[in-house]
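In: pasted the sequence and its predicted model underneath.
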Amino acid sequence: MTEESPALYVVPTPLGNLSDMSPRAIETLRRAAWVACEDTRRSAPLLRRFGITARLLAAHEHNEETAARQIAARLDAGESVALVCDAGTPAISDPGARIVARVRAAGHRIVPLPGPCAAVTALSASGLAEPHFLFYGFLPAKVRQREDALRELARLPHALVFYEAPHRIEETAASLLAVFGPDRTLVLARELTKLFETIHACPLAEAPAWLAADADRRRGEFVLVVSGAPLSTGESDGEGERVLRLLLDEGLTVKQAARLAHAITGTARKAMYEKALQLRE
Ligand code: SAM
């Protein structure tokens, strides 16, 4: 079985419900000589629970370089290493990406296991039907930077996925409303897979009152999913039309200009195409 050959195995662990630990994850961790953990105190109970006796190695955001060197040395010695984070998938708003890059650059095989990830779990229950989503992770903590970051996303037609901590959930909901306006849908996914799991969808306008109504709604861990920007008709989209006109004036075809104006401004491609046809006429 491939799990026996030395490699760095990237192993997701449960978000809360231990039954989400996959048989393959358990087997991989049992076979690994070493488990690199974001926080050994957090991972040790989980590992004990599944009878995993591997030696532990610290791999957190402040020692990724050192951890990568240690992991590469273990792999050079013919031992397998599994990488885990406190909960969910390593390298997704968690340490791991730099370790993976360095270990691969050192010539070793990386074997990812699929498994729990809060963003994907929330999306699957969001009911949002956008064909694309953008995973953002944590927004900046300061309101000004947070709203600047949101403004950059405001025109994208994709579902947007954010992580948020309980002590900032209300201010982040307020920022989403301030930048995206009242009509877009917000799905608050709280305490996923845990006892008090709550998934609530509402227009952004209603989110602050919903959160304020009950302190329990503001506790725990959150994923926020926001529906994409509505398709613009082009008429109301000054920036899209401005860019489109420039591109058409440069002699681009309707199709090229619509594609580029969409890529530059985020305005719906179909709306840009229709506007370009109108402008050409
Ligand atoms: N690597 C993890 C993953 O794959 O989802 C994410 C780690 S990140 C440091 C922690 C954030 O993920 C939390 O602040 C919260 O936004 C989200 N999260 C983790 N577990 C969650 C849960 N059970 N319910 C809702 N959100 C969760």
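Out: Now that the structure is in, tell me what you want to look at. What you see is a predicted model, and the numbers here were worked out from it, not measured in a lab.
In: give me the residue from this structure nearest the ligand.
Out: Gly88 (2.5 Å; Cβ to the nearest ligand atom). Just so you know, the C-beta spots here come from the backbone N, C-alpha and C atoms, and that holds for glycine as well.
In: hey, what's that residue bridged with?
Out: Thr13 (DSSP bridges).
In: check contacts around it.
Out: Shown in contact with Gly88 (Cβ atoms under 8 Å, 6 or more residues apart in numbering): 12-13, 15, 94, 116-118.
In: now the nearest residue to Glu171 once chain neighbours are set aside, what are its backbone angles?
Out: Closest residue to Glu171 apart from its sequence neighbours, by Cβ to Cβ, 6 or more residues apart in numbering: Val143 at 6.6 Å. Backbone torsions for Val143, taken as degrees, to the nearest 10, come to phi -60, psi -40.
In: likewise Ile199?
Out: Torsion angles, degrees, to the nearest 10, at Ile199: phi -130, psi 120.
In: run through the bridge partners of it.
Out: Under the criterion used (DSSP bridges), Ile199 bridges to Ala189.
In: hang on, isn't it packed against Glu191?
Out: No - Ile199 is not in contact with Glu191 according to Cβ atoms under 8 Å; the separation is 9.6 Å.
In: in this protein, which spans are helices?
Out: 23-31, 40-49, 64-76, 97-105, 118-126, 143-153, 169-180, 207-212, 238-249, 254-265, 269-280 (DSSP state H).
In: and the last one, what does it pack against?
Out: Looking back up the chat, that one is helix 269-280. helix 238-249, helix 254-265 (3 or more Cβ pairs under 8 Å, 6 or more residues apart in numbering; DSSP states H and E).
In: please parse this protein into its domains.
Out: Domain ranges of the chain: 8-112, 118-226, 233-280, per automatic domain parsing.
In: can you tell me the closest non-neighbouring residue to the residue nearest the centre of the chain?
Out: Nearest to the mean C-alpha position of the chain, by Cα atoms, centre = their mean, lies Phe135 at 3.7 Å. Nearest residue to Phe135 in three dimensions, chain neighbours excluded: Val161, at 4.8 Å (Cβ to Cβ, 6+ apart).
In: and Ala178, by the same measure?
Out: Nearest in space to Ala178, with sequence neighbours left out and distances taken as Cβ to Cβ, 6+ apart, is Glu147 at 6.4 Å.
In: what about the one you found, how many neighbours?
Out: Summarising burial for Glu147: neighbours were counted as other Cβ atoms under 10 Å, giving 17.
In: close enough to count as contact, it and Leu176?
Out: No - counting by Cβ under 8 Å, Glu147 does not reach Leu176; the two are 9.3 Å apart.
In: show me the contacts for Glu239.
Out: Glu239 neighbours (Cβ under 8 Å, 6+ apart): 155, 265, 267.
In: now swap in Trp34 and tell me
Out: 54-57, 71, 74, 79-82.
In: before we move on, the earlier item: now tabulate the helices and strands packed on helix 269-280 in CSV and tack on distance to Gly220 and mean pLDDT.
Out: Formatted as CSV, these follow (distance: least, Cβ to Cβ, whole Å; pLDDT from 0 to 100):
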stretch, distance to Gly220, mean pLDDT
helix 238-249, 39, 89
helix 254-265, 37, 90
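In: out of those, the one nearest Leu46 is which?
Out: helix 254-265 (43.6 Å; Cβ to Cβ).
In: other SSEs contacting that closest one?
Out: Looks like helix 254-265 contacts helix 238-249, helix 269-280 (3+ Cβ pairs under 8 Å, 6+ apart).
In: contact partners for the residue nearest to the centre of the chain?
Out: So Phe135 contacts 92, 119, 161 (Cβ under 8 Å, 6+ apart).
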